[in-house]
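J.: Here you go, sequence then predicted model.
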Amino acid sequence: MSHRKMVFGLTLSAAVGFGTAYVPSLVHAQAAKPAAAPAAAAPTCKLHGKKCCDPAITAHFPKEAVFKSCGQSDATFIGEDGGEKETCKYFFKVAGAKEDDTYVQVYAPTQKEVLSSPNDPFFSYKKVGKAYMADKAKSPKSAPMLAAQTGLYMPGKGYSVTVTASTKVCTKEQAKKLASSMK
């Protein structure tokens, strides 16, 4: 009889131990239903890519600057793409041109050491207000690039801003006006 009581006691304690360890986790698993996935937030911008541009980047160069300086408007503005880190691209409709070639790109990386002027192996720059503008190609191979786009550079404290504007969106003369909009 004592042997029976001992086996019964061990079985009972094992059952209680099992119940204490297993049952609460089972109850939590059933009680904790996964929350319904929130509906994807509607973009707060006119999107032409995977995501809207980071406001920290657009603060350095808003699309309205392109509207004002380059004669563009909401009617020609296709949208923005902020899919790359520290970069924002504004796309515009231009008759007879592919959408991928009609953009103004802003690149504003944070940096520990900021160059006071651009150090570019392909182009020479001239000062235009507080910024620098690509002036001449340093080699014949770079000339077509300079004909297709205008580069602007402005140093800041802890960051620099580089703007690349397609000449289909902004002429070289209009790009000079863009330099004053860089922050």
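T.: Received it, and whenever you're ready, just let me know what you need.

J.: can we go C-alpha only for contacts and neighbour counts from here?
T.: Noted.

J.: need the helix or strand of this structure with the lowest average pLDDT.
T.: Least confident element among the helices and strands of the chain, by mean pLDDT, DSSP states H and E: helix 2-31 (a mean of 50).

J.: Could you point out the helix or strand that follows that one?
T.: Sequence order places helix 55-58 as the next helix or strand after helix 2-31, per DSSP states H and E.

J.: What residues sit buried inside that following helix?
T.: I57, T58 (16 or more other C-alpha atoms under 10 Å).

J.: So which elements touch that helix?
T.: Applying 3 or more C-alpha pairs under 8 Å, 6 or more residues apart in numbering; DSSP states H and E, we find helix 55-58 packed against strand 87-92, strand 103-107.

J.: Serialize those strands to CSV and add fields for mean pLDDT, mean neighbour count and distance to K127.
T.: Converted to CSV, the helices and strands packed on helix 55-58 look like this (pLDDT from 0 to 100; neighbours: other C-alpha atoms under 10 Å; distance: least, C-alpha to C-alpha, whole Å):
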stretch, mean pLDDT, mean neighbour count, distance to K127
strand 87-92, 97, 25, 23
strand 103-107, 97, 24, 19
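
J.: most centrally placed residue in this structure?
T.: G82 (3.3 Å; C-alpha atoms, centre = their mean).

J.: Assumed Q174 was part of a helix.
T.: Yes: assigned with DSSP: H, G, I helix; E, B strand; the rest coil, Q174 falls within a helix.
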